[in-house]
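> Turn this into a structure:
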Amino acid sequence: MLSTEEFIKSQEKEETGITAFKLNILNSCNKIIEDTPFMVKNVPPTEAQIHNSLIALDTNIRMLEKYYGVESKIEIPKHYAGSQDVISFLEDRVTVIGFMSSMIFNIVKYTVRLGRKDDEAKEVEKIRIYFTRMKNYIETGYSLHD
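As a prediction, the model looks like this:
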């Protein structure tokens, strides 16, 4: 099995200068996974249970936002018409494990592909959105809670 560092390095087309940012975000995600044994009981963690992991991930995302000059906002994209967006729809239907795993999956996905596919600012915003919605869910039980 590849280490996180080996994985990130294997994903880079060329040195982009953001490898360290990516590695820090993925390591923070790994820490959240390691700190969540309560998920087997399908009970949302309290903020205190993963407080330091959330702070570390938030800090690393803020550094990425600063690097790209991005000021992220949580907005439901216009292409999701209706009374709920997809994340809220799934939040009501999947287990705690499923919800948190899907948020972490998306944070990792957008972090790894950053600089390789879409506009970097949009990718960084997506990373922030998935993080914030996961954090809100942990703290309040609802991902769109302010």
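
> Tell me who's in contact with Ser143.
87-88, 91, 99, 133-134, 136-137 (C-beta atoms under 8 Å, 6 or more residues apart in numbering). Any C-beta I mention is one placed from the backbone N, CA and C, and that applies to glycine too.

> and if we set it to 10 Å?
Contacts here follow C-beta atoms under 10 Å, 6 or more residues apart in numbering; on that basis Ser143 touches 74, 85, 87-88, 90-91, 99, 103, 129-130, 132-137.

> Same question for Leu23.
By C-beta under 10 Å, 6+ apart, the neighbours of Leu23 are 3-5, 7-9, 60, 111.

> What strand or helix carries the residue positioned nearest the centre of the chain?
Central residue of the chain (C-alpha atoms, centre = their mean): Ile107, 3.2 Å from the mean position. Per DSSP states H and E, Ile107 falls inside helix 96-113.

> Gly17 versus Tyr67, what's the distance?
9 Å (C-beta to C-beta, to the nearest Å).

> How about stretch 59-66, which residues are buried there?
Burial within stretch 59-66, assessed by neighbour count using 16 or more other C-beta atoms under 10 Å, is assigned to 60-61, 64-65.

> Make TSV out of those and add distance to Asn30, pLDDT and secondary structure.
Shown next, in TSV, are the buried residues of stretch 59-66 (distance: C-beta to C-beta, whole Å; pLDDT from 0 to 100; DSSP: H, G, I helix; E, B strand; the rest coil):
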residue	distance to Asn30	pLDDT	secondary structure
Asn60	12	93	helix
Ile61	15	94	helix
Leu64	17	91	helix
Glu65	21	92	helix
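
> Having no further points to raise, I will conclude here.
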